[in-house]
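**Q** sequence and predicted structure are below.
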Amino acid sequence: MQQRFDWGLIQSFLAALDQGSLLGAARALNASQPTIGRHIAELELQLGVVLFERTGRGLLPTETALRLAESARAMQTGADQLARSVSGAEAGVSGTVRITASQPVACMLLPPLLARMRIELPEVQVELVASNEVTNLLRREADIALRMVQPTQASLVAKRIGKVTLGTYAHSDYLRRRGTPRQPADLMQHDVVGNDRQGDIARGFAAMGFPVERQQFALRTDDLIAYWQVVRSGLGIGFVADYMARTEPDLVALLPMLKLPELPIWLTVHREIRTNQRIRAVYDFLAQAVPDAL
């Protein structure tokens with residue numbers, strides 16, 4: 001007999017999984033802690049499995065819970081898409097929304113997501129601004145911003161929707177030509193793509209105990225798209241976002257022991273326009289789609 005589930009149980013399960021506690025799940029869903037506890041218990045009863053181990057620090061997901069999470073998130077995505085489609089149709093969501101994001105996000109991450117959004121919100125036109133400036137939302141030059149820094153202005157509402165992970169990569173052609181580094185120290189014998197005026201990569205080397213001068217980089221640029229193109233062309237080893245690297249099958253991930261800083265990504269909108277139906281529909285879409293893409 002095929003089991004039917006109450007969608008509310010799945011929502012509570014995912015919130016508990018993401019938050020790590022009944023209290024955190026209750027806050028995320030604006031529900032009571034006992035309600036979340038009842039939902040988890042009912043879902044465990046229906047499935048005949050244990051989903052969480054209760055510990056002094058919260059909830060520890062079982063292997064079964066982790067296996068079910070992917071299917072549950074697919075259900076969540078479908079429900080969110082349905083809700084957006086229905087609300088958009090009922091509200092007659094239409095008009096232009098201006099989105100600003102950094103160059104890599106605007107050029108690499110957003111285009112396939114915006115293609116999907118065009119299907120869900122066909123009456124919305126998008127103006128996409130590739131900019132690394134953090135002030136253009138304040139100047140009302142955009143409706144929605146995706147940024148790697150949290151805004152502090154009281155007039156803005158920001159939601160952290162995910163993180164950008166970085167990795168060390170090189171094209172397979174480069175590795176055939178120069179060999180594969182096995183340890184971070186091996187990078188000193190390779191062609192590395194570095195910064196020009198910015199010093200993030202040099203500071204990273206210094207933190208590992210390998211002070212380098214900018215002249216030691218095979219190529220230097222502060223333009224993030226140019227940096228990406230140089231690495232994917234096989235000039236040398238570089239440090240790029242994992243979501244970008246996944247688009248290039250000939251790039252090889254290197255040095256898994258080298259843990260690079262993760263970059264938070266914030267979805268930001270003006271406080272007084274977040275109730276605008278058109279902007280709200282795009283905001284809700286991005287809040288769901290960007291974390292999935294990352």
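**A** Cool, got the structure.

**Q** restricting to C-alpha, output the host helix or strand of Q46 in PDB.
**A** Q46 is part of helix 33-47 when elements are defined by DSSP states H and E. The C-alpha trace of helix 33-47 is given here as PDB (Å, rounded to 0.1, in the frame of the first residue of the first chain):
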ATOM      1  CA  GLN A  33       8.400  23.300  19.600                       C
ATOM      2  CA  PRO A  34       5.800  20.600  20.700                       C
ATOM      3  CA  THR A  35       4.200  20.800  17.200                       C
ATOM      4  CA  ILE A  36       7.500  20.100  15.500                       C
ATOM      5  CA  GLY A  37       8.100  17.200  17.900                       C
ATOM      6  CA  ARG A  38       4.700  15.700  17.100                       C
ATOM      7  CA  HIS A  39       5.300  16.000  13.400                       C
ATOM      8  CA  ILE A  40       8.700  14.200  13.600                       C
ATOM      9  CA  ALA A  41       7.200  11.500  15.800                       C
ATOM     10  CA  GLU A  42       4.300  11.000  13.400                       C
ATOM     11  CA  LEU A  43       6.500  10.800  10.400                       C
ATOM     12  CA  GLU A  44       8.800   8.300  12.100                       C
ATOM     13  CA  LEU A  45       5.700   6.200  13.000                       C
ATOM     14  CA  GLN A  46       4.400   6.400   9.400                       C
ATOM     15  CA  LEU A  47       7.700   5.400   7.900                       C
END
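
**Q** what about whichever helix or strand comes after it, distance to the chain center?
**A** Downstream of helix 33-47, the next assigned helix or strand under DSSP H and E is strand 52-55. Put simply, strand 52-55 sits 28 Å off its chain's centre (CA atoms, centre = their mean, to the nearest Å).

**Q** which helices and strands does strand 52-55 pack with?
**A** Strand 52-55 is packed against strand 58-61, with contacts defined by 3 or more CB pairs under 8 Å, 6 or more residues apart in numbering; DSSP states H and E. C-betas here are computed from N, CA, C, even on glycine.

**Q** so how far is the strand it packs on from its chain's centroid?
**A** With CA atoms, centre = their mean, you get 24 Å for strand 58-61.

**Q** any buried residues in stretch 27-47, and which?
**A** A28, L29, A31, I36, G37, H39, I40, L43, E44, L47 (16 or more other CB atoms under 10 Å).

**Q** ok, residues contacting that stretch?
**A** Stretch 27-47 is contacted by residues 3, 5-6, 8-13, 15-16, 18-19, 22-23, 25-26, 50-52, 68 when judged by CB atoms under 8 Å, 6 or more residues apart in numbering.

**Q** hmm, 7 Å instead?
**A** With contact meaning CB atoms under 7 Å, 6 or more residues apart in numbering, stretch 27-47 is reached by 3, 5, 8-9, 11-13, 15-16, 19, 22-23, 25-26, 50-52.
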